[in-house]
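# Dropping a prediction and its sequence here:
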Amino acid sequence: MLEVRPLGLDGVLEIVPKRHGDARGFFSETWNAQRFAEAGIDLDFVQDNHSYSAAAGVLRGLHYQLPPRAQDKLLRVVRGSVFDVAVDIRRASPTFGKWVALEVSAEKGNQILVPKGFAHGFVTLVPDTEVIYKVTDTYSPEHDRSIRFDDPAIGIEWPALAGGFQLSDKDQKAPALAMAQVFESAERVA
């Protein structure tokens, strides 16, 4: 059983798998191709990624891959919590440059689906956070792109964290949305 909630941008969803718990802990089926397809999410994931962040304030993003190597992402947190963001980067979309955010946490057991055509990023809200996400295409350096996390044209309202943000060199040097190579069509990328 899945709860699926649209988050206000085309195809960005919060997914909450059912948890079965008792005094020992819980069990949750986090991915089942048949159940997801029955909920209208029919994707072929080909790679799992796992990131660990030692501190609160580790910001990763905003990342995406261009066609033909674009990726859908299904992200969950197995320890800690993140403020997760998706930005519509389909130039012809009526919501181009708009963003949506969701707190994803191990405690909640929720997930976020970020479809192709969206840049994605997150910041850790607590130390020792681990994130696992599935993608529908493998990493391709030639198609890998990023957008500046603090681009004022997007205006993401990141949470204020003591100590600020920790970013990779790649993310510090990312271009603004206006200068980035993005998706030209508003259509969902197959």
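It's in.
# three-state assignment of the residue positioned nearest the centre of the chain?
For the chain, the residue sitting closest to the mean C-alpha position, by Cα atoms, centre = their mean, is residue 120 at 4.6 Å. Look at residue 120: counting by DSSP: H, G, I helix; E, B strand; the rest coil, its state is strand.
# and if you look at residue 36?
helix.
# Ok, residue 55 next?
State at residue 55, reduced to three classes by three-state DSSP: coil.
# That one: neighbour count?
13 (other Cβ atoms under 10 Å). Just so you know, the C-beta spots here come from the backbone N, C-alpha and C atoms, and that holds for glycine as well.
# just checking, it touches residue 127?
Yes: between residue 55 and residue 127 there is a contact under Cβ atoms under 8 Å: 5.3 Å.
# For the residue of the chain positioned farthest from its centre, give its distance to residue 86.
Distance to the chain centre peaks in the chain at residue 23, reaching 32.0 Å (criterion: Cα atoms, centre = their mean). Separation of residue 23 from residue 86 (Cβ to Cβ, to the nearest Å): 37 Å.
# Would you work out how far apart the start and end of stretch 15-30 are?
One end of stretch 15-30 to the other measures 9 Å (Cα to Cα, to the nearest Å).
# Quick one: mean pLDDT over it.
In this model, stretch 15-30 has an average pLDDT of 93.
# Please spell out which residues along it are buried.
Using 16 or more other Cβ atoms under 10 Å as the test for burial, stretch 15-30 gives 15, 17.
# do the same with stretch 34-44
Those would be 36, 41, 43, for stretch 34-44 by 16+ other Cβ under 10 Å.
# same thing with stretch 92-107?
For stretch 92-107, by 16+ other Cβ under 10 Å, it's 93, 95-97, 99-106.
# do stretch 177-186 as well
By neighbour count on 16+ other Cβ under 10 Å, the buried set for stretch 177-186 is 177, 180, 182-183.
# And the strands in the chain, which stretches?
Taking DSSP state E, the strands of the chain run over residues 2-6, 13-17, 19-22, 25-28, 47-53, 59-65, 73-79, 81-88, 99-105, 111-114, 118-124, 129-135, 144-146.
# which helices and strands does the shortest one pack with?
It refers to strand 144-146. Helices and strands touching strand 144-146, by 3 or more Cβ pairs under 8 Å, 6 or more residues apart in numbering; DSSP states H and E, are strand 59-65.
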